[in-house]
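Trainee: pasted the sequence and its predicted model underneath.
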Amino acid sequence: MKPSKSIVWINVFTAKPGKLDELVAIQAEELLNFKSKGVPGWISSRWHRSVDNNKAIMVTTFENIEFHKSWLEKNDFSEHLNKIKHLIEGAEGGYYTLVESIENL
């Protein structure tokens with residue numbers, strides 16, 4: 001498989017006790033906004049929640065790092081962050097590139 005030129009931002013959120021459902025709902029709404037607003041350079045997002053604790057993972061693909069960083073600098077992101085910051089104890093994120101994809105479809 002040829003490596004992808006797109007970039008994946010993976011963010012692991014730790015929700016405050018009892019706040020995971022609210023965090024999941026707000027983040028899911030934000031993903032729908034990505035699609036309706038036409039965020040430049042955005043390709044896709046996947047939002048996963050843990051089944052046995054207070055963590056959730058966001059996997060978002062952009063055409064490149066610059067598109068993602070540009071979105072982080074916009075007011076829309078600041079507004080969104082203000083909506084969720086009281087729900088999270090912490091978040092850890094990083095950039096990744098796709099090396100291999102194997103599917104059984």
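Mentor: Good, I have the coordinates.
Trainee: Glu29: which element?
Mentor: Applying DSSP states H and E as the criterion places Glu29 in helix 20-37.
Trainee: give the next helix or strand downstream of that helix.
Mentor: strand 42-49.
Trainee: what average pLDDT does the helix holding Glu29 get?
Mentor: In this model, helix 20-37 has a mean pLDDT of 85.
Trainee: CA atoms only for it - export them in CSV, please.
Mentor: C-alpha atoms of helix 20-37 as CSV (Å, rounded to 0.1, in the frame of the first residue of the first chain):
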residue,chain,number,x,y,z
LEU,A,20,-18.9,11.0,29.1
ASP,A,21,-22.4,10.9,27.7
GLU,A,22,-22.6,14.7,27.5
LEU,A,23,-19.1,14.9,25.9
VAL,A,24,-20.0,12.3,23.3
ALA,A,25,-23.2,14.1,22.4
ILE,A,26,-21.5,17.5,22.0
GLN,A,27,-18.6,16.1,20.0
ALA,A,28,-21.0,14.2,17.7
GLU,A,29,-22.9,17.4,17.0
GLU,A,30,-19.6,19.1,16.2
LEU,A,31,-18.8,16.4,13.6
LEU,A,32,-22.1,17.1,11.9
ASN,A,33,-21.1,20.8,11.8
PHE,A,34,-17.9,19.9,10.1
LYS,A,35,-19.9,18.4,7.2
SER,A,36,-22.4,21.2,7.0
LYS,A,37,-19.9,24.0,7.3
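Trainee: give me the residue at the spatial middle of this structure.
Mentor: The centroid of the chain falls nearest to Met58 when counting by CA atoms, centre = their mean (3.5 Å).
Trainee: what kind of secondary structure is the nearest residue to that residue once chain neighbours are set aside in?
Mentor: The shortest distance from Met58 to any non-neighbouring residue, by CB to CB, 6 or more residues apart in numbering, is to Asn11 (4.5 Å). Every C-beta, even on glycine, is put in place using the N, C-alpha and C of the backbone. Classification of Asn11 using DSSP: H, G, I helix; E, B strand; the rest coil returns strand.
Trainee: lowest average confidence, helix or strand, in this protein?
Mentor: Sorting the helices and strands of the chain by mean pLDDT, DSSP states H and E puts helix 75-84 at the bottom, at a mean of 81.
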